[in-house]
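[1] turn this into a model:
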Amino acid sequence: MPAVSAPQGKPLDVARTFQQALELHHQGRIAEAEQLYSVVLAVRPEHFESLQMLGVIKLVRGDLPAALRLVGAALKQRPTSPQVLLNHGNVLDAMKRHDEAIQSFDEAIRRKSRFAEAHNNRGSSLIALERYEEALDSLRRAIAIKPDYAEAFYNQGNALRLLDRHDQALKSFDRALALRPNYAKAHCNRGVALEALQRSAEALAEFDLALAIQPNFPEAMLNRCRSLRALRRFDETFLGLDTLLRAHPNHAEAHNMLGMLLADCNQSVDAVKSYERAVALKPDFSKARWSACMAALPILYAQESDIEVRRADYERRLHALIADYEAGRIPGDMTKGLGMAQPFFLAYQGHNDRDLQRLFGTLAARIMADRHPQIELAAPPAPGEPVRVGIVSGYFWQHSVWKVGIRGWVTELDPKRFQVFCYNTSYKEDAETEVAKRHAHRYVPGPRPVEEWRKIIQADRPHVLIYPEIGMNHEAAELAALRLAPVQCSYIGHPQTCGMPTIDVFLSGELIEPANGAEHYTEKLVKLPNIAFHYEPLNLDTVIVNRPELGLRPSATIYWCAQSLFKYLPQYDEVFPRIAREAGDCQFVFIRHLGPGVTELFEERLKRAFAAHGLNASDHCVMLAPMSMSRFAAASALCDVMLDSIGWSGGNTTLEAFAQDLPVVTFEGELMRGRVSAGMLRMMGMPETIATTIEEYVALGIRIARDATWRQELRSRVASDRQKLYRDRTCITALEAFLERAAQRQAL
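    Have a look, this model is predicted:
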């Protein structure tokens, strides 16, 4: 359309030109409308309607300074106009000046109380400020005024999602989509809520719908990759991220997800580079900043020397992170991502990690304290008042942390003396969760934002909080870095000191700690009797399997080696071929890692180790896919002996091997996490399969294959003596005594 100007010598017909512009605007011919609005303003700079409409176009185009100038000029003319106040707030919101935007929306509402758009946009700005409950109040008002307001339902869904109320969020997104079926953003965020509920296949379908409506929708492309990763469709995830980054090379979230995917595949060096790229693009991207440090710790090592290299790199990065935070060089909120990126794999290097964990834990506690003010803590219980014990965990379900810790506390602590509060920081629930609900004084489902958990726990006023593990569940880790009870304890669910000054006590067991165990913790070590847990044996469905269908030879001695592959350190690979060389016909059964790259690296290590002894690893090593608990138990029952992993022994895995009458050969390490199986064997009165040197370990592995009589004797003893491990009341009685002392602030 040619530029419109006044005929030479004649004034511009402003009204007609503006009307033309408005018609073009309504037709979606934005560039032509923009030109005509500009023509009007060139002749009449104060033309109110043109200032308004051109300001709206500049806002949509992303020219925010121009939009603010134009709408601001319109506002000067009509400072009480609700519509102009709304547009002014919209521009400020787009400029991330959310507090000022809310002021404009508030003024618009003061002038026009039933202004649904102003209530809605106010809610959107409050979401940006993470004031989600206030946002919900505004959005409910918008919906009450305008019940068919799709965008308000969409924003309400977002606020609910960000409050971890994902089931409610789904209902809001469903309503938005009923009103506007081709609402791509609503499909996308409905998928995000489904993914948070671990309904990844359904989430993937939503992202596909969003992309069918809006093909180049970066958030939907990113979230689609997130669901593919959760479904462990790694090749498709790489392909999706490649497509996204080709279209949007500076998409910080995509670089972050690429880092996560590379870390899944044990490509830690490249993962760090991707995280660093994300931080370079978005300096306040706290999760990527944390991850760039934590990704220095790979899942599995190719050789022993790699451990020290990666450990040194992690320490260097952690010191740099601390220095940057202390110097105020890190923008943004560092509490975001703290729990999502933890040094989980540090514990699998086989070292005393106390000093490194103190660095991490002190930083975590400082960051959380800087963000969240200290709450008022409970006073000691009055005479006759029960001790309130809170358990914070994401594992109130059939998980090893539940089985070897939480279950016994919830069911066995004397309800007359103790009130148990269960704070579930995850969505996961199953039949075991019902056990927690029945026995607990109070069960609180999650997940929830940290601030909401703080308020809940503050209202319950626990005397003691127990974190059964710190290092696995992200919400539990974030809460552990706060002081929420007078006495706070960690436990062996993740058998590693957390290093946090907010955790006072580490609860462990007398039979599993070395003499110098206290040197391994920043917490005070409190040793409960025996192995520290009250264990209830599993009642599993019967599954029938046989050796051939698992690739096992009927004639072979079968060694059950069913630990996570990252528990196997490369310096100990030689034990398998050394045993095989002397044991004769034998096979070692391992469980594949879920992510690509890890199992393949482990197989390559085994291949080298067996070749060094003149053997073929494929003749002796079998990799089984991950299995259900029932099938896992059935597979172990086909084996002859469990060979415990060296440096990080079995806990739950060992108990389940004993349930199948398997003898266990274990190496008693220097750290508690390498001594749990040994503690169990001592508790059963079977110390003869505990090795204290690698030579003894290999010799025991050989003898158990060669000496069928001894092997059968061991199996019989396991069958009769494993009962000594079950339902151990002595550790509960000792825990009760400890909790009462702790609640009274007596010496621990």
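
[2] can you give me the strands in the stretch 451-600 of the chain?
    Taking DSSP state E, counting those that start in this stretch as the test, the strands found in the stretch 451-600 of the chain are 464-467, 487-491, 505-509, 524-528, 557-560, 586-591.

[3] wait, I meant the chain
    Remark: strands assigned in the chain by DSSP state E are 387-393, 418-424, 442-444, 464-467, 487-491, 505-509, 524-528, 557-560, 586-591, 621-624, 641-643, 664-667, 690-691.

[4] that older thread, using a markdown table, lay out the strands of the stretch 451-600 of the chain together with distance to residue 605, mean neighbour count and mean pLDDT.
    In this view, the C-beta of every residue, glycine as well, is placed from N, C-alpha and C. Converted to a markdown table, the strands of the stretch 451-600 of the chain look like this (distance: least, C-beta to C-beta, whole Å; neighbours: other C-beta atoms under 10 Å; pLDDT from 0 to 100):
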| stretch | distance to residue 605 | mean neighbour count | mean pLDDT |
| --- | --- | --- | --- |
| strand 464-467 | 34 | 26 | 99 |
| strand 487-491 | 32 | 25 | 99 |
| strand 505-509 | 31 | 24 | 98 |
| strand 524-528 | 34 | 19 | 98 |
| strand 557-560 | 17 | 25 | 98 |
| strand 586-591 | 11 | 22 | 99 |
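
[5] figure out which of those strands is closest to residue 31.
    For the strands of the stretch 451-600 of the chain, the distance to residue 31 is smallest for strand 464-467, at 59.0 Å, taking C-beta to C-beta.

[6] ok, that closest one: who's next to it in the sheet?
    Strand pairing for strand 464-467, determined by DSSP bridges: strand 387-393 (parallel), strand 487-491 (parallel).

[7] for residue 441, which of those is the nearest?
    The nearest among the strands paired with strand 464-467, by C-beta to C-beta, is strand 387-393 at 7.8 Å.

[8] which of the residues in that closest one are buried?
    387, 388, 389, 390, 391, 392, 393 (16 or more other C-beta atoms under 10 Å).

[9] would you mind putting the strands of the chain into TSV with distance to residue 363 alongside?
    Below are these laid out as TSV (distance: least, C-beta to C-beta, whole Å):
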stretch	distance to residue 363
strand 387-393	20
strand 418-424	24
strand 442-444	28
strand 464-467	18
strand 487-491	17
strand 505-509	19
strand 524-528	21
strand 557-560	40
strand 586-591	35
strand 621-624	39
strand 641-643	38
strand 664-667	34
strand 690-691	38
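
[10] what about this protein, any weak spots by pLDDT?
    1-9 (pLDDT under 70).

[11] rewinding a little: and the strands of the stretch 451-600 of the chain as JSON lines, adding distance to residue 225?
    As requested, these are exported to JSON lines (distance: least, C-beta to C-beta, whole Å):
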{"stretch": "strand 464-467", "distance to residue 225": "32"}
{"stretch": "strand 487-491", "distance to residue 225": "35"}
{"stretch": "strand 505-509", "distance to residue 225": "39"}
{"stretch": "strand 524-528", "distance to residue 225": "44"}
{"stretch": "strand 557-560", "distance to residue 225": "37"}
{"stretch": "strand 586-591", "distance to residue 225": "27"}
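
[12] domain-wise, how is this structure divided?
    Domain assignment for the chain, taken from the TED database, gives 14-198, 247-351, 387-536+730-744, 547-725.

[13] what does stretch 718-730 rub up against?
    Outside stretch 718-730, the residues within contact range by C-beta atoms under 8 Å, 6 or more residues apart in numbering are 412, 529-531, 533-537, 655, 658-659, 661-664, 680, 683-686.

[14] buried set for that stretch?
    718, 722, 725, 728.

[15] now, which of those residues sits nearest residue 316?
    Of all the buried residues of stretch 718-730, residue 316 sits closest to residue 725, with 42.8 Å by C-beta to C-beta.

[16] measure residue 173 to residue 121 for me?
    Noted for residue 173: a distance of 19 Å to residue 121, by C-beta to C-beta, to the nearest Å.

[17] now residue 382
    From residue 382 to residue 121 the distance is 51 Å (C-beta to C-beta).

[18] look at those two and report which has more neighbours.
    residue 121 (26 against 6; other C-beta atoms under 10 Å).

[19] wait, isn't that one in contact with residue 90?
    Yes: counting by C-beta atoms under 8 Å, residue 121 touches residue 90, with 6.2 Å between them.

[20] circling back to that earlier point, between the strands of the stretch 451-600 of the chain, which gets nearest to residue 239?
    Closest approach to residue 239 among these is made by strand 586-591 (27.7 Å; C-beta to C-beta).

[21] just checking: what are the partner strands of that closest one?
    Applying DSSP bridges, strand 586-591 is found paired with strand 557-560 (parallel), strand 621-624 (parallel).

[22] helices along the stretch 101-250 of the chain, start to end?
    Using DSSP state H, counting those that start in this stretch, the helices of the stretch 101-250 of the chain run over 116-128, 132-145, 150-162, 166-179, 184-196, 200-213, 218-230, 234-247.

[23] in TSV, list those along with distance to residue 599.
    Below are the helices of the stretch 101-250 of the chain laid out as TSV (distance: least, C-beta to C-beta, whole Å):
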stretch	distance to residue 599
helix 116-128	42
helix 132-145	42
helix 150-162	35
helix 166-179	33
helix 184-196	26
helix 200-213	22
helix 218-230	17
helix 234-247	13
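
[24] thanks a lot, catch you later.
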